[in-house]
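Visitor: Build me a model from this:
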Amino acid sequence: MQLDQKSREALDRLGAKKILADLANVPALTAANSISKAQEFVDRYGPLRRPQVPALQAMDNALDVVTVGIEFRKAWHARTQNEIDHVSMFLDSIFEPNPFATWEGSAVRANFALMRWEPVPRTLLDVLAIQLMRSRKMLHRCERPECQRYMVKEFSRDRYCSRVCAEDMRSRGQSKWATENREQIRQGRNKRSKARRK
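Guide: The predicted structure follows:
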């Protein structure tokens, strides 16, 4: 694997699912903090791929993160055949040989001995695209209304992106239940206090 060292270390420490979710959460260019969030992503995880023009490397890396983030978010929402085909074509374009780094070859290689094609990631983008394919059924958005972050579920029943969101929603659920069942709770307390008096 010819990954950037920062990317390799981040993958070892956090895993591809976490980085994929962070990429999907980088805001689009219409957001005021888009480029700064994209640069934070690059600073934390390394560039998605090698830039084509070395002189524009810093801006190129940040813009690449914003652009790819937009395309990856479409996978979270893809329901119709056209939307699914669009995501598939975008992923195909990622795995093609890079015309500016032909020595890297394709990200999908033939293993004739095992009679199959195997992904061989060349860059962080390849790793995240492979993870996106593997996690197709686990793409989700946090169900806490104020959050709505993109996430890759660890378990099929996961509904929230973090413990903070899960605890907040659990607390709200308990409060709602208590409010809706206030009379029943009061009657139960009255019964217990009468039983103690006897």
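Visitor: Could I get the contacting residues of residue 144?
Guide: Residues near residue 144 by Cβ atoms under 8 Å, 6 or more residues apart in numbering: 160-161, 165, 168-169. (Each C-beta comes from the backbone N, C-alpha and C, glycine too.)
Visitor: Only the buried residues of stretch 112-125, if you could.
Guide: Across stretch 112-125, burial judged by 16 or more other Cβ atoms under 10 Å covers 119-125.
Visitor: Wait, a strand at residue 109?
Guide: Yes - checked against DSSP: H, G, I helix; E, B strand; the rest coil, residue 109 lies within a strand.
Visitor: which residues does it bridge with?
Guide: Applying DSSP bridges to residue 109 yields these beta-bridge partners: residue 118.
Visitor: List buried residues within the contacts of residue 144.
Guide: For the contacts of residue 144, buried by 16+ other Cβ under 10 Å: 160-161, 165, 169.
Visitor: So what are the structural domains in this protein, by residue number?
Guide: What automatic domain parsing lists as the domains of the chain is 5-161, 162-198.
Visitor: Please identify the most buried of those domains.
Guide: For these, the largest average neighbour count (mean count of other Cβ atoms under 10 Å) is found in domain 5-161, namely a mean of 16.
Visitor: What average pLDDT does it get?
Guide: Across domain 5-161, pLDDT averages out at 90.
Visitor: returning to that earlier point: which of the contacts of residue 144 fall within helices?
Guide: Those of the contacts of residue 144 mapping onto helices are 165, 168-169, per DSSP state H.
Visitor: From the centroid of the protein, which residue is nearest?
Guide: residue 21 (1.7 Å; Cα atoms, centre = their mean).
Visitor: Just the element for that residue, please.
Guide: helix 16-24 (DSSP states H and E).
Visitor: packing partners for the next helix or strand along the chain from that helix?
Guide: As assigned by DSSP H and E, the chain's next helix or strand after helix 16-24 is helix 34-45. Using 3 or more Cβ pairs under 8 Å, 6 or more residues apart in numbering; DSSP states H and E, the elements in contact with helix 34-45 are helix 5-14, helix 16-24, helix 57-77.
Visitor: hmm, back to that, let's have the buried ones among the contacts of residue 144 in CSV, adding distance to residue 33.
Guide: Listed next are the buried ones among the contacts of residue 144 as CSV, based on distance: Cβ to Cβ, whole Å:
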residue, distance to residue 33
160, 23
161, 19
165, 21
169, 26
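Visitor: Quickly check those for the two that are furthest apart.
Guide: The two members of these with the most space between them (Cβ to Cβ) are 161 and 169, at 11.1 Å.
Visitor: I'd like the helices and strands packed on helix 34-45 laid out as TSV, including distance to residue 177.
Guide: Shown next, in TSV, are the helices and strands packed on helix 34-45 (distance: least, Cβ to Cβ, whole Å):
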stretch	distance to residue 177
helix 5-14	36
helix 16-24	30
helix 57-77	31
